[in-house]
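**Student:** One predicted model, sequence on top.
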Amino acid sequence: MPNTALTWNTALLYPAPDSPELEADLGSFEQLAADFRDTYFERISTLDNTALLSAIREYEALQTRMSKPFCYAHLLFAADSGNETNRALSQRCSELGSKLSQQLLFFDLELMELNDERFDEFRSLPDASAYLHFMEGIRKFCPHTLKENEERLLTRKDLTGVRAFTKLFDELSASFSYQIELDGEQKTLTGEELLSLLHHTSPDVRFRAMTIFLERHGENGIVYNSVFNNMALDHGQEMELRQYKTPIQPTNIGNEIPDEAVEHLMSVTESNYGLAQEYFRIKAGMLKVDKLRNCDIYAPVAEAERTYTFEEARSLVVESYREYQPEFGDIVDAFFAERRVDVLPRTGKSGGAFAMGISPDVPPFLLLNYTGTLRDLATIAHEAGHGLHFVISQKQSMLNYHAPLPLAETASVFGEMLLTRRLLDNEQDPDVRRSLLCAKIEDIIATTFRQTVLTRFELRLHNERTTGLLSNDRIAELWLEENGKLYGESVEMIPAYRWGWSYISHFIHSRFYCYSYTFAELLVLALFQKYREDGDAFKPGYHALLESGGALSPADTARLAGIDITDSGFWQKGYDVLAGLIEELKLIA
Ligand SMILES: [Zn+2]
């Protein structure tokens, strides 16, 4: 049995998966959605301003009610996807969710079809201002939207199509456990535990850990090949149906960032790959090897790696938030005190980490896979930042609750910076300071350069799938080529890395999400720089940024904290901060 103090208490949402409360909620939605449809179907354009506003509010209330049981099902599944009850509930919610979105689809479509004159009239209503960004967000997709019955059909067939492949990917990846020999002893580890060995002091352990992890995926190459090819084919067909010019275009429209700005972000990043290569050479020197292998990138630079008990980690994270602002510390502390965090890795539990914002009236939940490394400590700060963002934006209503995607990583990455600074400020030992600096630089490399590699690979995969099936050899070729651009002559990729693409769930779950990390990291470096320069004067603007949730566009949200993301020199500034960190490291390396 897992240690219950370190598992989350989902009873805060519902007493149990078979509880009458959950049944009552799930059982009511089809009728509620049908009533909503009966009232408004084919009537949206005939409503006057006040009636339109109340329709939006009714729709919003429905979304708020639905999110809790669906999130509950997702949390149970993430905590133990091998459990039959959890699997059944998750499947039931996915099928119900699909039915509900088919029923409610008309609403978005009819809002989209309101002519500009009618929309401008609505815009003049003072109470409408809260929903303008939401409406504009929908209306942007107008040129790419099909007729209602076609949209319903697509949603319906997705269940056995693209969403079934996503589930297969999740279940297969979560089912793996790994055998590895450590100190003469045969051990069985989860994927998270195995990958944490990339921080091991022994070069041989690091090599074997990465190889075993990737080869296990390679053994299932037939499945991964099918999942990736079908995901890309499915998207390609949608692109054609919806008349998108490029595979990344729908993501950019959703992100409200022009295609050219995304391209600019990536090309500025690529022109700075030399910084990463410089760091890898310094690191090779610190490890006393001629050349780094990619399984060595996260190798510890100190004799013995510093590890942190979970209690230590928790208090370090809470205190670093508290130091910035006491209220932030209280909010983060509550996640742990109220048992809304699932801490330790287990077989059947989903890998990685996430924070789930449910709705403005329900506090967020966090999933971790804590193994005690410095990286895991940073992950707590990261997910706590997401949680904090969800709590502070609770002032918004449901349709404005979630931050626009490119800003979704702001509070999390900012939180990591707060932690790093606290650790650096309080640490005297030069060995530990060097480790901290390396960890921060590696982290920036992972969230900027690596995400650009991933996005370039993803683009090529989608583009090439439009001309036919990709073999695993071809996928590996694309993968190694894009990685090779980043590593240059400074890093050698190990043979099993040809499977490096297969486990990255963003490719499957949130297409082209990866460049949002680059965007966020560079934005946060700029914000943090501003905080260091302006001190307390910075705080109200940053608070306003978090508080606005998804009520405004990314550009308008960033402007609240005094940042202009349309300024073309903006991205390079972030890399200048990175160059500064590398210089600082050179002094103590
Ligand atoms: Zn995140």
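**Tutor:** Yep, it's here. Since the structure is predicted, the reported quantities are computational estimates derived from the model, not experimental observations. Numbering: from 1, shown residues only.

**Student:** Now do the closest residue to Glu215 other than its chain neighbours, the pLDDT please.
**Tutor:** Once flanking residues are discounted, Glu215 sits nearest to Ala496: 5.3 Å by C-beta to C-beta, 6 or more residues apart in numbering. In this view, the C-beta of every residue, glycine as well, is placed from N, C-alpha and C. pLDDT recorded at Ala496 is 98.

**Student:** for the one 5 residues further on, same thing?
**Tutor:** You'll see Trp501 listed with a pLDDT of 98.

**Student:** That one and Phe457 touch, don't they?
**Tutor:** Yes - at 6.6 Å, Trp501 counts as touching Phe457 under the criterion of C-beta atoms under 8 Å.

**Student:** ok so, going back, what sits against the residue nearest to Glu215?
**Tutor:** Met210, Thr211, Leu214, Glu215, Gly218 (C-beta atoms under 8 Å, 6 or more residues apart in numbering).

**Student:** Let's see which of those residues end up in helices.
**Tutor:** Mapping these onto helices (DSSP state H) picks out Met210, Thr211, Leu214, Glu215, Gly218.

**Student:** From Ser45, how far out is the residue nearest to Glu215?
**Tutor:** 57 Å (C-beta to C-beta, to the nearest Å).

**Student:** circling back: from the ones in helices among the contacts of Ala496, list just the buried residues.
**Tutor:** Met210, Thr211, Leu214, Gly218 (16 or more other C-beta atoms under 10 Å).

**Student:** Of the ones in helices among the contacts of Ala496, which is the nearest to Lys573?
**Tutor:** Of all the ones in helices among the contacts of Ala496, Met210 has the smallest distance to Lys573: 33.8 Å, by C-beta to C-beta.

**Student:** quick one: contacts for the residue nearest to the closest one when sequence neighbours are not counted?
**Tutor:** Closest residue to Met210 apart from its sequence neighbours, by C-beta to C-beta, 6+ apart: Cys295 at 4.1 Å. Applying C-beta under 8 Å, 6+ apart, we find Cys295 in contact with Leu198, Arg206, Phe207, Ala209, Met210, Thr211, Ile494.

**Student:** Could you rerun that using 7 Å?
**Tutor:** Leu198, Arg206, Phe207, Met210, Ile494 (C-beta atoms under 7 Å, 6 or more residues apart in numbering).

**Student:** repeat for Glu148
**Tutor:** Here Glu148 is in contact with Leu105, Phe106, Leu109 (C-beta under 7 Å, 6+ apart).

**Student:** what does Ser267 give?
**Tutor:** Applying C-beta under 7 Å, 6+ apart, no residues contact Ser267.

**Student:** burial of whichever residue of the stretch 351-500 of the chain sits closest to the ion, as a residue count?
**Tutor:** Proximity of the stretch 351-500 of the chain to the ion (C-beta to the ion) peaks at Ser412, 4.4 Å away. Ser412 has 23 neighbouring residues, counting by other C-beta atoms under 10 Å.

**Student:** ok, it to Ile248 distance?
**Tutor:** 23 Å.

**Student:** overlap in contacts of Trp501 and Phe457?
**Tutor:** By C-beta under 7 Å, 6+ apart, the residues touching both Trp501 and Phe457 are Trp479.

**Student:** how about the strands in the stretch 301-450 of the chain?
**Tutor:** All strands of the stretch 301-450 of the chain, identified by DSSP state E, counting those that start in this stretch, fall at 341-342, 354-356, 365-367.

**Student:** Name the nearest of the contacts of Ala496 relative to Asp429.
**Tutor:** Met210 (28.7 Å).

**Student:** these two touch, right, that closest one and Leu197?
**Tutor:** No - Met210 lies out of contact with Leu197 (C-beta atoms under 7 Å); the separation is 8.2 Å.

**Student:** for the ion, what are the nearby residues on the stretch 351-500 of the chain?
**Tutor:** Glu409, Ser412 (C-beta under 5 Å from the ion).

**Student:** before we move on, back to that, pull the contacting residues for the nearest residue to the residue of the stretch 351-500 of the chain closest to the ion once chain neighbours are set aside.
**Tutor:** Distance criterion C-beta to C-beta, 6+ apart; nearest residue to Ser412, sequence neighbours excluded, is Gly385 at 3.7 Å. Going by C-beta under 7 Å, 6+ apart, Gly385 touches Ala411, Ser412, Phe414, Gly415.

**Student:** same check, this time on Val223
**Tutor:** So Val223 contacts Leu172 (C-beta under 7 Å, 6+ apart).

**Student:** element containing it?
**Tutor:** helix 221-242 (DSSP states H and E).

**Student:** pLDDT (mean, whole number) over that helix?
**Tutor:** So the average pLDDT for helix 221-242 ends up being 96.

**Student:** Then stretch 183-200?
**Tutor:** Per-residue scores along stretch 183-200 average to 93.

**Student:** what about dumping the CA coordinates of it to CSV?
**Tutor:** Output of stretch 183-200 as CSV, limited to C-alpha atoms (Å, rounded to 0.1, in the frame of the first residue of the first chain):
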residue,chain,number,x,y,z
ASP,A,183,25.6,-2.6,-7.3
GLY,A,184,25.4,-6.2,-8.3
GLU,A,185,21.7,-6.4,-7.5
GLN,A,186,18.8,-6.8,-10.0
LYS,A,187,16.3,-4.1,-9.5
THR,A,188,12.8,-3.4,-10.9
LEU,A,189,12.1,0.3,-11.5
THR,A,190,9.4,2.5,-12.9
GLY,A,191,10.3,4.7,-15.9
GLU,A,192,10.7,7.7,-13.6
GLU,A,193,13.0,5.9,-11.3
LEU,A,194,15.1,4.6,-14.2
LEU,A,195,15.4,8.1,-15.8
SER,A,196,16.4,9.6,-12.5
LEU,A,197,19.6,7.4,-12.9
LEU,A,198,20.7,9.9,-15.6
HIS,A,199,21.8,11.9,-12.6
HIS,A,200,23.9,9.0,-11.3
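
**Student:** got the buried residues for that stretch?
**Tutor:** Buried, per 16+ other C-beta under 10 Å, within stretch 183-200: Leu189, Thr190, Gly191, Glu192, Glu193, Leu194, Leu195, Ser196, Leu197, Leu198, His199, His200.

**Student:** Leaving out sequence neighbours, find the closest residue to the second one.
**Tutor:** Among residues not flanking Thr190 along the chain, Pro345 sits closest, at 4.6 Å (C-beta to C-beta, 6+ apart).

**Student:** contacting residues for Ser502?
**Tutor:** His217, Tyr224.

**Student:** Mind checking what secondary structure it has?
**Tutor:** coil (DSSP: H, G, I helix; E, B strand; the rest coil).

**Student:** Next one: it from Tyr178, what distance?
**Tutor:** Taken as C-beta to C-beta, the span from Ser502 to Tyr178 is 15 Å.

**Student:** and if you look at Phe141?
**Tutor:** The value you get for Phe141 to Tyr178, if C-beta to C-beta is used, is 42 Å.

**Student:** quick one, which of the two is more surrounded?
**Tutor:** Using other C-beta under 10 Å as the criterion, Phe141 and Tyr178 rank with Tyr178 on top: 18 against 15.
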